[in-house]
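Engineer: what's the 3D shape of this:
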Amino acid sequence: MPKVTINNMEIEVEQGTSILQAAETIGVEIPRFCYHDRLSVPANCRMCLVEVEGGPPKPVASCAMACSDGMVVKTESEMVKKARKGVMEMLLINHPLDCPICDQGGECDLQDQAYGYGFDRSRFHENKRAVKDKDLGPLIKTVMTRCINCTRCVRFAEEIAGTPVLGQFNRGEDAEIGTYINEIVNTELSGNLVDICPVGALTSKPYAFKARSWELEKTETIDVHDAVGSNIRVDSRGREVMRILPRLHEEVNEEWISDRSRYSYDGLAKSRLDRPFVRDEESGKLREADWNEAFDLIKARLSGLKGEEIAAFAGDLADVESVVALKDFMTSLGSPNMDCRTDGAYFDETKRAGYLFNSGISGIDEADAILLVGTNPRHEATIINARIRRAWLERKIPISLVGEAVDLTYPYVHLGDFPKSVENLVKEYAGKVKSKKPMMIVGMNAFRRPDGQAIHGMLQEAAEDLGIVKKGWNGFNILHDAAGRVGALDVGFVPQKGGKGFADILAGTKDGSIKVLFMLNADEFNARVNVGWKTFVVYIGHHGDHGAQRADVVLPSAAYTEKDALYVNTEGRVQMAKRAVSPPGDARVDWTILRAISNHIDKPLPYDSQHELRDRVFEEWPHLSKIDQIELAKWGKFGKKTRIQKDAFAGNALGYYLTNAICRASPTMNKCTQAFKQDIEYKEAAE
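Structural biologist: This next block holds a predicted model:
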């Protein structure tokens, strides 16, 4: 490995390491605009110039020059300082003087580097040019006169997002960034363009002029809009969430987040439940009530009921503690009827390896072949789809799909729409697969059918026959799309012995066998249509969505930004959400509501604080105490050997932007739906 000396400090680096990367490892700062760790190197801003002794008689771009053995580099010589001042002077020639009113103020790389490395005056006296702003959609605000043509946005759109709609055209002083035709940026990762823009040319349209960065309180937490568990930072002012930004986590989301995670925050303040409601017997409409009245009504309805006449659903946004409290509550009532699979997915939950993303999300970086079954990762887990695209882009790994053919931003071989396509693949390639680390990613659409358990068993055998599961490698991955699903499965919120599951509970509400139904954040299905009116429904949640519209008692709870809670992502990684703001009105944390109900009906749950509840969780499920760690699951047989239907795997009817109660309440997500013409099927189904 070459040894290089930077500012009189010697360092040994890997072959091919650039001077800029080598300098970073020893804490030497080199300014840059166009360079980004996860993008290709264009070397066009020239801000990262350094001096190389014995090299060219001029400064060189450190981002594009690889280290060689014996190289001596200076980053603070007079030559370098003069060159940087010249570069900065050129960059600012046409940049507008709007720093006091620029919405990038306080977070602008150009502003910071001009202060640290720039010249104290300009020799340019001609008129500054202006560039027409572009319409890039409902999420990105443009002020293109500020653009310094670093091309970060162009490279991100092409390399990471896979939607190359941006480009640089014209030459010289007329060069500008834009779309070649009037086209919006149609990618689920567009908000990351704002993060990587080093100036204020691209900013967040929903957040524009709402707040300054130094006014905001910053809380590090996690996202719940899919099962990836992206690490995020919630910026708030008072009890209002002002924006959401990504946090770095190399094994989960790297430094990106999806647009749904970033922009749906305005739904947290819309259609909120901030006080209890009960359904008036005379008018049939919900009216305001206090907690005691609501609890008295619940107690009266539960009085004299047998356990088998009571049931519960845990929805997609439910945290681990609340699900455990609901399970304990149902157990105290003697009810075995409970389920967390409120999307109608049928699979065998008895083996943990059967419902986890076993290789881990970062395992995609090791895979040398990928088979997608019944999934659209671009919509169901955008960050995972970006990893798959990178695996194809950098290593050209083969990718195949069984299911609905959709645009995934990378090429793949479409094997068919039917389960038979997987069986045919096994017949052709069983024992012949040459890949060392093949991977299978199975989405929930593969299980949202009556024969889901048979599909599960067939896929388990296929994984073994194709060498996807072998010694030292488990590439069998289930891709969930609900943040609370894996945590609920881990704590066993599924039908207990002799109990009913999701479909049977719904049937029981219509035939009268289920008298009382508790719904914890269960908004994934149209409850007004699917839950019979013979059943008394208690809804615990934070939005007036599907569940609240059908409920007889509505109890307001806290959203994910308003509570400390545990979530388990699709790979089985336990993560902790942190409270950023307080809940509105009389809303309370979900598990405390269940604790209060249990006390009111004289069956108190055995914990009075979250600390005590977590102790109870960690005692029975010790792996949930290992925060930000993954407990490897033991492989085994799962699924059922029953007849598999010939029907094709269904597509994702929920689209992308309106998948949960928070998103449906978000004005921004609804604007995206109109702009990108998505979720039409979901709206029709809801109506």
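
Engineer: if I pick the nearest residue to A314 once chain neighbours are set aside, what's in contact with it?
Structural biologist: Excluding the flanking residues, the one nearest A314 by C-beta to C-beta, 6 or more residues apart in numbering is C340, at 4.4 Å. Backbone N, C-alpha and C define where each C-beta goes, glycine included. C340 makes contact with 313-315, 318, 323, 484-485, 488-489, 493-494, according to C-beta atoms under 8 Å, 6 or more residues apart in numbering.

Engineer: how does it look with 10 Å?
Structural biologist: 312-316, 318, 323, 326-327, 349, 482, 484-489, 491-494, 501-502, 520, 522 (C-beta atoms under 10 Å, 6 or more residues apart in numbering).

Engineer: Can you tell me which of those end up in strands?
Structural biologist: Among the contacts of C340, the members found in strands (DSSP state E) are 312-314, 520.

Engineer: buried subset of those?
Structural biologist: 312-314, 520 (16 or more other C-beta atoms under 10 Å).

Engineer: between those residues, which is nearest V13?
Structural biologist: For those, the minimum distance to V13 (C-beta to C-beta) is 50.6 Å, reached by A314.

Engineer: Verify the stated contact: D328 with G492.
Structural biologist: No - look at D328 against G492 with C-beta atoms under 10 Å: they stay out of range, at 11.2 Å.

Engineer: what's the straight distance from one end of stretch 549-557 to the other?
Structural biologist: Start and end residues of stretch 549-557 are separated by 15 Å (C-alpha to C-alpha, to the nearest Å).

Engineer: Export the buried ones among the ones in strands among the contacts of C340 as CSV, with columns for distance to S18 and pLDDT.
Structural biologist: Below are those laid out as CSV (distance: C-beta to C-beta, whole Å; pLDDT from 0 to 100):
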residue, distance to S18, pLDDT
A312, 57, 98
F313, 54, 98
A314, 50, 98
L520, 51, 98
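
Engineer: With distance to G572 added, can I get those in a markdown table?
Structural biologist: As requested, these are exported to a markdown table (distance: C-beta to C-beta, whole Å):
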| residue | distance to G572 |
| --- | --- |
| A312 | 24 |
| F313 | 23 |
| A314 | 18 |
| L520 | 22 |
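
Engineer: and the spatially closest residue to I19 that is not a sequence neighbour, how far is that from E24?
Structural biologist: In space, and not counting its chain neighbours, I19 is closest to S62: 3.9 Å by C-beta to C-beta, 6+ apart. S62 sits at a distance of 10 Å from E24 (criterion: C-beta to C-beta, to the nearest Å).

Engineer: so the residue nearest to I19 touches E29, yeah?
Structural biologist: No - using C-beta under 10 Å, S62 is not in contact with E29; the gap is 11.3 Å.

Engineer: how many other residues sit next to L97?
Structural biologist: Residues lying near L97 (other C-beta atoms under 10 Å) number 8.

Engineer: same question, the one 10 residues further on
Structural biologist: When counting by other C-beta under 10 Å, one arrives at 17 neighbours for E107.

Engineer: Run through the residues that contact it.
Structural biologist: By C-beta under 10 Å, 6+ apart, the residues touching E107 are 195, 198, 200, 203, 212-214, 245.

Engineer: Over to L594?
Structural biologist: Per C-beta under 10 Å, 6+ apart, neighbours of L594: 312, 321-330, 518, 520, 540, 555, 557, 605.

Engineer: Kindly recompute the last result at 7 Å.
Structural biologist: 325-326, 329, 605 (C-beta atoms under 7 Å, 6 or more residues apart in numbering).

Engineer: Please apply the same query to G105.
Structural biologist: Contacts of G105 (C-beta under 7 Å, 6+ apart): 99, 212.

Engineer: and stretch 266-283, C-alpha only, in CSV?
Structural biologist: Extracted in CSV, the C-alpha atoms of stretch 266-283 (Å, rounded to 0.1, in the frame of the first residue of the first chain):
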residue,chain,number,x,y,z
ASP,A,266,-47.2,18.1,8.1
GLY,A,267,-49.8,15.3,8.5
LEU,A,268,-48.9,15.1,12.2
ALA,A,269,-50.8,18.3,12.8
LYS,A,270,-53.8,17.5,10.6
SER,A,271,-56.9,15.4,11.4
ARG,A,272,-55.5,14.8,14.9
LEU,A,273,-57.5,13.1,17.7
ASP,A,274,-56.9,15.3,20.8
ARG,A,275,-59.8,14.2,23.0
PRO,A,276,-61.9,11.1,23.6
PHE,A,277,-65.1,10.5,21.6
VAL,A,278,-68.0,8.1,22.0
ARG,A,279,-70.7,7.2,19.5
ASP,A,280,-74.1,8.7,20.5
GLU,A,281,-76.8,5.9,20.5
GLU,A,282,-79.5,8.2,19.2
SER,A,283,-77.8,10.1,16.4
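
Engineer: which residues in the stretch 451-600 of the chain form helices?
Structural biologist: Taking DSSP state H, counting those that start in this stretch as the test, the helices found in the stretch 451-600 of the chain are 452-465, 485-490, 502-511, 527-530, 546-550, 590-600.
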